[in-house]
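S.K.: Mind folding the following:
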Amino acid sequence: MEQWEKPLFYYLRRLSGDESRAWELLGRCWRALAVELGARGDRERFKVRLYRLARQTAEREIPELTQPSGGTEPTGQQSQASQALSSFGDPAALHRGLDSLELQEREIMTLVLLEDFTPEELGRILRLTTGRARTRLERARNALWRILNGKEVLP
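M.R.: Numbers count the residues shown, from 1 in each chain. Down below sits the predicted model:
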């Protein structure tokens with residue numbers, strides 16, 4: 001559990017916006033995981049299920065997570081934003097950028113930056129099709145790239 005606590009707490013902290021609330025959600029998540037999984041399953045399935053349970057736990061407290069997001073479909077396979085973010089080196093600016101994203105964009109970018117989830121895994125965690133997860137990921141990458149490159153004003 002120790003290896004998962006920090007990244008899972010970070011994920012829940014990004015979703016909830018509050019440290020004490022994130023700790024509370026984390027405790028609920030661990031309890032739900034203990035009931036559901038025990039010590040079975042392979043590492044990759046465990047990781048996806050762990051974040052899926054974290055999201056389900058957070059959904060009960062953060063209604064915005066269940067609201068559909070707007071936006072248009074991204075164009076191209078790998079955008080300029082995807083390439084630029086993969087080599088971004090300023091963690092403080094990255095955290096500020098994440099904080100300025102809409103909740104659903106912040107969530108998907110946090111999952112990718114923390115655990116490098118694939119669109120297929122993101123789909124299972126967020127209950128989306130792989131194509132929809134890929135679309136949201138690209139939209140979030142583009143939004144974060146615009147913020148980090150001064151195209152949008154940080155709060």
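S.K.: And the contacts of the helix or strand hosting Leu114?
M.R.: Assessed by DSSP states H and E, Leu114 sits inside helix 103-115. Residues from elsewhere that reach helix 103-115 (Cβ atoms under 8 Å, 6 or more residues apart in numbering): 7, 10-11, 14-15, 47, 51, 55, 62, 64-65, 69, 94, 98-99, 101, 117, 122, 125-126, 133, 136-137, 139-141, 143-144. C-betas here are computed from N, CA, C, even on glycine.
S.K.: Can you name the element that comes right after it?
M.R.: With DSSP H and E, the next secondary element past helix 103-115 is helix 119-126.
S.K.: Buried by neighbour count: which residues of that next one qualify?
M.R.: The neighbour-count criterion (16 or more other Cβ atoms under 10 Å) identifies Pro119, Glu121, Leu122, Gly123, Arg124, Ile125, Leu126 as the buried residues of helix 119-126.
S.K.: Stretch 20-29 too?
M.R.: Arg21, Ala22, Leu25, Leu26, Arg28, Cys29.
S.K.: from memory the second one sits against Lys6, does it?
M.R.: No: using Cβ atoms under 8 Å, Ala22 is not in contact with Lys6; the gap is 11.5 Å.
S.K.: for His17, phi and psi?
M.R.: You called it His, but residue 17 is Gly. Main-chain dihedrals, Gly17, degrees, to the nearest 10: phi 80, psi 10.
S.K.: What is the neighbour count of it?
M.R.: A count of nearby residues for Gly17, using other Cβ atoms under 10 Å, gives 12.
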